[in-house]
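*Asks:* Any chance you could fold what I've pasted below:
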Amino acid sequence: MSEIAEDPILTLTDLSVYRGAAKILDRVNLALARGETLALVGESGAGKSTIATALMRLLNGARVEGRVELAGTGDLLALSERQMVKLRGRRLSMIFQDAGAALNPSYTVGRQLISALRRNLGLSRDAARAQAVELFTSVGINDAEARLTAYPHQLSGGMQQRVMVAIALACNPDLLLADEPTSALDVTIQAQIVRLILSQTRTRGASCIFVLHDLALASQSCDRIVVLYAGQVVEAGPAHAVLEHHRHPYTKQLKSCVLEIGRHDLTAPEGTVPSHDQMPAGCRFATRCPRALPRCAAEMPPLTPAGGGDGGPFDHLFACWNPE
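*Replies:* Here you go, the predicted structure:
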């Protein structure tokens, strides 16, 4: 993975999301550097997709607090919907989990890409069509000209996801959000799609946030990892530091679930994630943690630098009163 200059293109400060009285995200703080690839990992319900959707301002029926600063734009949460419409696709874009559901079944994939190019870049129909062919070719779609006339259901799952990648990158956004882009694909295609997204974003100099369940995939593809549990950041830092020198017990348990050749001691975290209306006052992992102290359930631990860092957003950080 490449060396990353600590020049934030995106900064989240105390990002919280409420649905009714339930606090889905709890004061999430993180930063993303220009050209960096960051993975959000954790179990289902950790808040990974909620973060991505909140950045796009696509959460319906939820109250969002905090700040989301995109370089050169200011706080995204303070913008009007009209202003956000101008940013989506141009400055930030998103690849959704299930391309088959995200693509409109009533229109050809070519029409959907060409419409995005014309709307966001102001291209003529012929220019947009020519660029659509180039984009399809760049993401590995064979016979790109003919594929423009295909409807989503006429393409395989892998091809649908490649179309989604082309649409998301059509206007060269500064930030790409990939929300579990391989979850609907078989394992033979997953690695291809991840490599495609990485190569395309790095070629364009874009930053990328991957939402992943797979810690092994995160370690192979991302510069940094943020571990989330029940809406809280419990550990964050360079990928090698989080995986090889983890401090939080939850990160250790996540790693123990990774299948490796010759390994026979796979273990899963015991218990279940507490419901959002019954969260402990302190660390949300306290109800399942083998190292929990009385203090853990009552007092939320702050993010603390590991290894003598100064506590900056790009340091190795963890939130635990009784770390590994």
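*Asks:* so where do the helices sit in the stretch 51-200 of the chain?
*Replies:* Along the stretch 51-200 of the chain, the segments classed as helices by DSSP state H, counting those that start in this stretch run 81-87, 99-102, 109-121, 125-138, 144-147, 157-169, 187-204.
*Asks:* how about the fourth one: buried residues?
*Replies:* When you say that, I think you mean helix 125-138. For helix 125-138, burial by neighbour count (16 or more other Cβ atoms under 10 Å) applies to 128-129, 131-133, 135-136, 138. Heads up, the C-betas are built off the backbone N, CA and C, glycines and all.
*Asks:* Could you dump the helices of the stretch 51-200 of the chain into a markdown table with distance to Thr304 and mean pLDDT added?
*Replies:* Putting the helices of the stretch 51-200 of the chain into a markdown table (distance: least, Cβ to Cβ, whole Å; pLDDT from 0 to 100) gives the following:
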| stretch | distance to Thr304 | mean pLDDT |
| --- | --- | --- |
| helix 81-87 | 34 | 94 |
| helix 99-102 | 39 | 87 |
| helix 109-121 | 42 | 94 |
| helix 125-138 | 43 | 95 |
| helix 144-147 | 50 | 95 |
| helix 157-169 | 36 | 92 |
| helix 187-204 | 31 | 84 |
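*Asks:* which of these is buried the deepest?
*Replies:* Between the helices of the stretch 51-200 of the chain, helix 157-169 has the highest mean count of neighbours, a mean of 24, where neighbours are mean count of other Cβ atoms under 10 Å.
*Asks:* tell me what it is packed against?
*Replies:* With contacts taken as 3 or more Cβ pairs under 8 Å, 6 or more residues apart in numbering; DSSP states H and E, helix 157-169 sits against strand 92-95, helix 99-102, helix 109-121, helix 125-138, helix 187-204.
*Asks:* okay, now Ala281: neighbour count?
*Replies:* 10 (other Cβ atoms under 10 Å).
*Asks:* so is it in a helix, a strand, or just coil?
*Replies:* With DSSP: H, G, I helix; E, B strand; the rest coil as the basis, Ala281 sits in coil.
*Asks:* so it touches Ala298, yeah?
*Replies:* Yes - the pair Ala281 and Ala298 qualifies as a contact (Cβ atoms under 8 Å) at a distance of 5.7 Å.
*Asks:* Show the model's pLDDT score for the closest residue in space to Met84 that isn't next to it in sequence.
*Replies:* Leaving aside its sequence neighbours, Met84 sits nearest to Arg57 (Cβ to Cβ, 6 or more residues apart in numbering; 4.9 Å). Looking at Arg57, its pLDDT stands at 95.
*Asks:* Roughly how far does Ala146 sit from Ile193?
*Replies:* Taking Cβ to Cβ, to the nearest Å as the measure, Ala146 and Ile193 are separated by 22 Å.
*Asks:* same question but for Val68, I mixed them up
*Replies:* The gap separating Val68 from Ile193 is 27 Å, by Cβ to Cβ.
*Asks:* And Ala144, by the same measure?
*Replies:* Counting by Cβ to Cβ - Ala144 and Ile193 are separated by 17 Å.
*Asks:* Could you do Pro280 as well?
*Replies:* Distance, Pro280 to Ile193, by Cβ to Cβ: 38 Å.
*Asks:* Arg90 now?
*Replies:* Using Cβ to Cβ, one gets 23 Å for the distance from Arg90 to Ile193.
*Asks:* so how many other residues sit close to the closest residue to Leu293 other than its chain neighbours?
*Replies:* Residue nearest to Leu293 in three dimensions, not counting chain neighbours: Asn322, with 5.3 Å by Cβ to Cβ, 6+ apart. By other Cβ under 10 Å, 14 other residues sit near Asn322.
*Asks:* I'd say Asn322 and Ala292 touch.
*Replies:* Yes - here Asn322 reaches Ala292: they are 7.3 Å apart, a contact under Cβ under 8 Å.
*Asks:* on that earlier part again, can you list the helices of the stretch 51-200 of the chain in a markdown table and add distance to Phe210?
*Replies:* Listed next are the helices of the stretch 51-200 of the chain as a markdown table, based on distance: least, Cβ to Cβ, whole Å:
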| stretch | distance to Phe210 |
| --- | --- |
| helix 81-87 | 20 |
| helix 99-102 | 16 |
| helix 109-121 | 22 |
| helix 125-138 | 20 |
| helix 144-147 | 26 |
| helix 157-169 | 13 |
| helix 187-204 | 8 |
